[in-house]
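Enquirer: From the sequence below, what's the structure:
(one chain, ligands or ions: 2)
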Amino acid sequence: MDNWGYADHNGPKVWHELFPLANGERQSPIDIVTKAAIYDPSLPPINVDYDPSSVKLIMNSGHTFTVEFDDGEDKSVIRGGPLHGSYRLQQFHFHWGPCDDYGAEHKVDGRDYPAELHIVHWNAEKFSSFVEAAQNPDGLAVLGIFLKVRNLIRIHLLSICLIFLLYQDGKQSSFTNFDPSCLLPDCKEFWTYPGSLTIPPLLESVIWILLKEPIAVSSRQLSQFRSLFSTTETDESKPCCMEKNHRPVQPLKGRKVRASFL
Ligand SMILES: CCN[C@H]1CN(CCOCC)S(=O)(=O)c2sc(S(N)(=O)=O)cc21
Ligand SMILES: [Zn+2]
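Expert: Ligands and ions are numbered 1, 2, ... in the order given. Now for the predicted structure:
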């Protein structure tokens, strides 16, 4: 399997052939069983402090589109919740499905959301690089936000950039002055558990923080996601669209999910 993707021949069912961690002890995503989540009153609130000037570019990364940030200093960080110290913002991206009925990676009581936003941060207090952090159990912190479909009339800034990206010859474009906290819901209550990257190499280095409240997107915005070109499902001569990029839920294997709320 020379490259991985989400088709039958190179998707999650066969990732273990090249990435044995796929069958590891702390894989993500998972189904959050709310009644089994343990309320932990000692969990402080999540605190994000993002500097809009730290955004660098938006790119088509072949499996999704990614908005990347300057993580050379503590300009944009997340603190609190289950985290010890501050974690530096590195990028955010989305996962979605072939239709509006499913496509998020995590589930809540078996319920599917149509898409999921992942805001990726790394522990720059403890590790000297993102790559080093990604090899350690407390190296990364990913803030996961569910998306629900509401037909909105306002065109979100991200849609404008997506349209721009869709028709750009290259695979990336510059992106300035964007504060991802505008993508967060008002309520910051969350579940948290120890997990992994949801894409190869599936490193078990992520502290997951999943917000309970979803954000709203329009069905049209999701269809724009699906019309991005992907070069991994077929050969370069016949690029096709990114119709889906979500991994199925994985076994909990004894892990505990904590909740910041009753
Ligand atoms: C578009 C996906 N990008 C990848 C890029 N990185 C992984 C490769 O790095 C290795 C040092 S990442 O660690 O930034 C990361 S976290 C997630 S997820 N879905 O688990 O939130 C995906 C990705
Ligand atoms: Zn992701």
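
Enquirer: So which bits of the stretch 51-200 of the chain are right by ligand 1?
Expert: Proximity of the stretch 51-200 of the chain to ligand 1, by C-beta under 6 Å from any ligand atom, involves residues 61, 64, 66, 90-91, 93, 118, 120, 131, 134, 142, 197-199. For the C-beta atoms, the positions are set from N, CA and C on the backbone; glycine is no exception.

Enquirer: mind listing the strands in the stretch 101-250 of the chain by residue range?
Expert: For the stretch 101-250 of the chain, strands defined by DSSP state E, counting those that start in this stretch occupy the ranges 107-108, 115-122, 140-149, 172-174, 190-195, 206-211, 215-217, 229-230, 240-241.

Enquirer: Where does pLDDT dip in this protein?
Expert: Across the chain, the ranges flagged by pLDDT under 70 are 1-2, 152-170, 231-239.

Enquirer: try it again with 80
Expert: Where the chain drops to pLDDT under 80, the residues are 1-2, 151-171, 175, 228-240.

Enquirer: I'd assumed residue 91 was in a helix, is it?
Expert: No. The assignment for residue 91, made by DSSP: H, G, I helix; E, B strand; the rest coil, is strand rather than a helix.

Enquirer: Please enumerate the helices of the stretch 101-250 of the chain.
Expert: Using DSSP state H, counting those that start in this stretch, the helices of the stretch 101-250 of the chain run over 130-133, 157-166, 219-226.

Enquirer: Run the angle between the last one and strand 115-122 for me.
Expert: Orientation of helix 219-226 against strand 115-122 (axes from the mean of the first three to the mean of the last three C-alpha atoms, to 10 degrees) gives an angle of 60 degrees.

Enquirer: hmm, back to that, mind checking which of the residues of the stretch 51-200 of the chain next to ligand 1 are buried?
Expert: In these, burial by neighbour count holds for 61, 64, 66, 90-91, 93, 118, 120, 134, 142, 197-199, counting by 16 or more other C-beta atoms under 10 Å.

Enquirer: State the number of residues packed around residue 17.
Expert: 11 (other C-beta atoms under 10 Å).

Enquirer: likewise the one 4 residues further on?
Expert: Residue 21: 17 surrounding residues under other C-beta under 10 Å.

Enquirer: go on, the one 10 residues further on?
Expert: Residues lying near residue 31 (other C-beta under 10 Å) number 18.

Enquirer: How about it: what's its closest non-neighbour residue?
Expert: Nearest residue to residue 31 in three dimensions, chain neighbours excluded: residue 107, at 4.2 Å (C-beta to C-beta, 6 or more residues apart in numbering).

Enquirer: my guess is the one you found contacts residue 33, does it?
Expert: No. Taking contacts as C-beta atoms under 8 Å, residue 107 lies outside contact range of residue 33: 9.3 Å.

Enquirer: Between those two, tell me which one has more neighbours.
Expert: More neighbours surround residue 107 than the other of residue 107 and residue 33, with 18 against 13 (other C-beta under 10 Å).

Enquirer: Can you tell me how far the more buried one is from residue 50?
Expert: According to C-beta to C-beta, to the nearest Å, residue 107 stands 28 Å off from residue 50.

Enquirer: And residue 68, by the same measure?
Expert: 13 Å.

Enquirer: dump the residue contacts of the residue nearest to residue 31.
Expert: Each residue near residue 107 by C-beta atoms under 8 Å, 6 or more residues apart in numbering is listed here: 29, 30, 31, 32, 113, 249.
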